[in-house]
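Chemist: Structure for this input, please:
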Amino acid sequence: MSAPVGSNSNVATGRSRVSQRVSRVHQTALRRISARCAELGGVNLSQGICDVDPPVEILTGAKEAIDSGLAAYTHLAGIPELREEIARKLLRFNNIEADPAREIAVTVGAAGAFACAMMATLNPGDEVVLFSPFYSYYTDTLALLDVTVRFVATHAPDWSYDSKQLREVFCDKTKMVIINTPSNPTGKVFSRGELSEIAAIAKAHDAIIVSDEVYEYITFDAEHLSIATLPDAHDRTITLSGASKTYAVTGWRVGYAVGPADIVEKMLVVNDLFYICAPAPLQHGVLAAMRLGQSYYDKQRAAYRAKRDLLAGTLGDIGFTPFVPQGAFYMMADFGAGRYANSQAAAEEILETVGVATVPGAPFHANPDEGDQQLRFCFAKRLADLQDACDRLRRLGD
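Modeler: Reported below is the predicted structural model:
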């Protein structure tokens, strides 16, 4: 007898057709919410698709590469010109000195860099320290690798953490600590003092630091600092970034990692095995974008600040408490006790009532109860679309 269509089990043997590792992870409600929003013709403030116009230079660079026939595999670490440009950017913007031949890997997005870093460094049973609220891609990837996650809670409104809890979660099994600055979903920018503390504890436990800095150019009320520049962290940090958010090309999947040569070498083994290389013509497009002047980044930051303030003002006017982010383009907001049953119900009711998609806050938290009065809003939208969303949201206050 054959198994029913869609079944995960073989009827004759009772054996699951999917691995135990993948059975532990599930797609979030975000995909379903986005699909429903499209059905309703609503405004999607849920998914961080970065729905703004990319700079013309990145498009021209990719088109010229396509027209020139640059369609073959590249070096597994990325085209040399792009790695050299990344090295110049790292020195200029991050104050990180890196050898483009040995310490930089171009990957299939920053997510690909993260996956390669995890595969190259972690063993089953290792423990990883992660700050909550968190981006679920981290926890799902770690679940696939049978790694234990120990959480450090950060708390609204400023998303600060307890230093005592941070010290207590580290132990002999701690192999890594992961930070995301600026952060998804909170927009927290880790301060120099916080990064110095994390670096010192990581050094004391001989732990690797992975710093996801994909939103590094989008800051408002705090200065972005790369933890790899600190003496305690320099030789143990893998820094991740990419083109997706900075140049509004989330679908292009071109990211990179920089770190110690011995780790990058093994990351590239994984990168070659899983991905071969990042898309060849798109690497050339990113190369062109990375040669843009400072005015591009200044204008981008100003535009996002205006959108942040528009959304925060709207949420405040309808009785929400917005936790105004220091960076990135997400905003967590508390809708208050009793207004909705929980964050999932809030997201669904707002979508059906006014056609604005948001993300429930609970799944971002290690303790879901801490986020069950919260929603996450993404303001990386064209201004007219964001204004439409705000107009719709104001109907909730009527």
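
Chemist: longest helix anywhere in the chain?
Modeler: Under DSSP state H, the helix in the chain containing the largest number of residues is helix 294-317.

Chemist: Just the element for Glu64, please.
Modeler: helix 56-67 (DSSP states H and E).

Chemist: For that helix, which helices and strands make contact with it?
Modeler: With contacts taken as 3 or more Cβ pairs under 8 Å, 6 or more residues apart in numbering; DSSP states H and E, helix 56-67 sits against helix 280-289. Using the backbone N, CA and C atoms, a C-beta is placed for each residue, glycine as well.

Chemist: So what angle separates the directions of the helix it packs on and helix 294-317?
Modeler: 90 degrees (axes from the mean of the first three to the mean of the last three Cα atoms, to 10 degrees).

Chemist: What residues of helix 280-289 count as buried?
Modeler: Ala280, Pro281, Leu282, Gln283, His284, Gly285, Val286, Leu287, Ala288, Ala289 (16 or more other Cβ atoms under 10 Å).

Chemist: cool, and stretch 204-220?
Modeler: In stretch 204-220, counting by 16+ other Cβ under 10 Å, buried: 205, 207-220.

Chemist: Using PDB, list the CA coordinates for it.
Modeler: C-alpha atoms of stretch 204-220 as PDB (Å, rounded to 0.1, in the frame of the first residue of the first chain):
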ATOM      1  CA  ALA A 204      37.400  33.800  28.700                       C
ATOM      2  CA  HIS A 205      35.400  30.800  27.300                       C
ATOM      3  CA  ASP A 206      37.400  30.600  24.100                       C
ATOM      4  CA  ALA A 207      34.100  31.000  22.200                       C
ATOM      5  CA  ILE A 208      33.700  32.100  18.600                       C
ATOM      6  CA  ILE A 209      31.800  35.300  17.900                       C
ATOM      7  CA  VAL A 210      29.500  35.600  14.900                       C
ATOM      8  CA  SER A 211      28.300  39.100  14.200                       C
ATOM      9  CA  ASP A 212      25.500  39.600  11.700                       C
ATOM     10  CA  GLU A 213      25.900  43.200  10.500                       C
ATOM     11  CA  VAL A 214      23.700  43.100   7.400                       C
ATOM     12  CA  TYR A 215      21.900  46.300   8.500                       C
ATOM     13  CA  GLU A 216      25.100  48.100   9.300                       C
ATOM     14  CA  TYR A 217      24.500  51.200   7.200                       C
ATOM     15  CA  ILE A 218      21.000  51.700   8.500                       C
ATOM     16  CA  THR A 219      21.400  53.400  11.900                       C
ATOM     17  CA  PHE A 220      19.600  56.400  13.400                       C
END
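
Chemist: Report the rounded mean pLDDT for it.
Modeler: Mean per-residue pLDDT for stretch 204-220: 98.

Chemist: Next: stretch 108-127.
Modeler: Mean predicted lDDT for stretch 108-127 stands at 97.

Chemist: I'd like the distance from that stretch to the chain centre, please.
Modeler: Relative to its chain's centre, stretch 108-127 lies at 14 Å (Cα atoms, centre = their mean, to the nearest Å).

Chemist: What of stretch 13-26?
Modeler: That offset, for stretch 13-26, works out to 27 Å (Cα atoms, centre = their mean).

Chemist: ditto for stretch 285-304
Modeler: For stretch 285-304, the distance to the chain centre is 19 Å (Cα atoms, centre = their mean).

Chemist: hmm, who's touching it?
Modeler: 52, 54-55, 57-63, 65, 79, 81-82, 85-86, 89, 217-220, 243, 246-247, 249, 252, 254, 329, 379-380, 383 (Cβ atoms under 8 Å, 6 or more residues apart in numbering).

Chemist: switch to 6 Å and redo it
Modeler: 55, 57-58, 61-62, 81-82, 85, 89, 217-218, 243, 247, 254, 329 (Cβ atoms under 6 Å, 6 or more residues apart in numbering).

Chemist: buried sites along stretch 139-152?
Modeler: Thr139, Thr141, Leu142, Ala143, Leu145, Val147, Val149, Arg150, Phe151, Val152.

Chemist: And for stretch 125-139?
Modeler: 126-136, 138-139.

Chemist: Do me a favour and get the end-to-end distance for it?
Modeler: In stretch 125-139, first residue to last residue: 14 Å (Cα to Cα, to the nearest Å).

Chemist: Over to stretch 313-326?
Modeler: Start-to-end span of stretch 313-326 (Cα to Cα) is 16 Å.

Chemist: Which of the buried residues of stretch 204-220 fall in helices?
Modeler: Filtering the buried residues of stretch 204-220 for helices - DSSP H - leaves nothing at all.

Chemist: Switch the buried residues of helix 280-289 over to CSV; also include distance to Pro231 and pLDDT.
Modeler: Below are the buried residues of helix 280-289 laid out as CSV (distance: Cβ to Cβ, whole Å; pLDDT from 0 to 100):
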residue, distance to Pro231, pLDDT
Ala280, 38, 97
Pro281, 40, 98
Leu282, 36, 98
Gln283, 33, 98
His284, 36, 98
Gly285, 36, 98
Val286, 31, 98
Leu287, 32, 98
Ala288, 35, 98
Ala289, 32, 98
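
Chemist: What about Leu70, how many residues nearby?
Modeler: 16 (other Cβ atoms under 10 Å).

Chemist: one step back: for Ala199, state which of the buried residues of stretch 139-152 is nearest.
Modeler: Checking the buried residues of stretch 139-152 against Ala199 with Cβ to Cβ, the nearest one is Val152 at 14.6 Å.

Chemist: Let me see the ranges of the helices in this protein.
Modeler: 20-23, 29-40, 56-67, 80-89, 109-121, 136-144, 163-169, 192-204, 261-274, 280-289, 294-317, 343-354, 383-394.

Chemist: could the buried residues of stretch 139-152 go into CSV alongside distance to Ala117 and pLDDT?
Modeler: As requested, the buried residues of stretch 139-152 are arranged in CSV below (distance: Cβ to Cβ, whole Å; pLDDT from 0 to 100):
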residue, distance to Ala117, pLDDT
Thr139, 15, 95
Thr141, 10, 95
Leu142, 11, 96
Ala143, 16, 94
Leu145, 11, 95
Val147, 12, 96
Val149, 15, 98
Arg150, 18, 98
Phe151, 19, 98
Val152, 20, 98
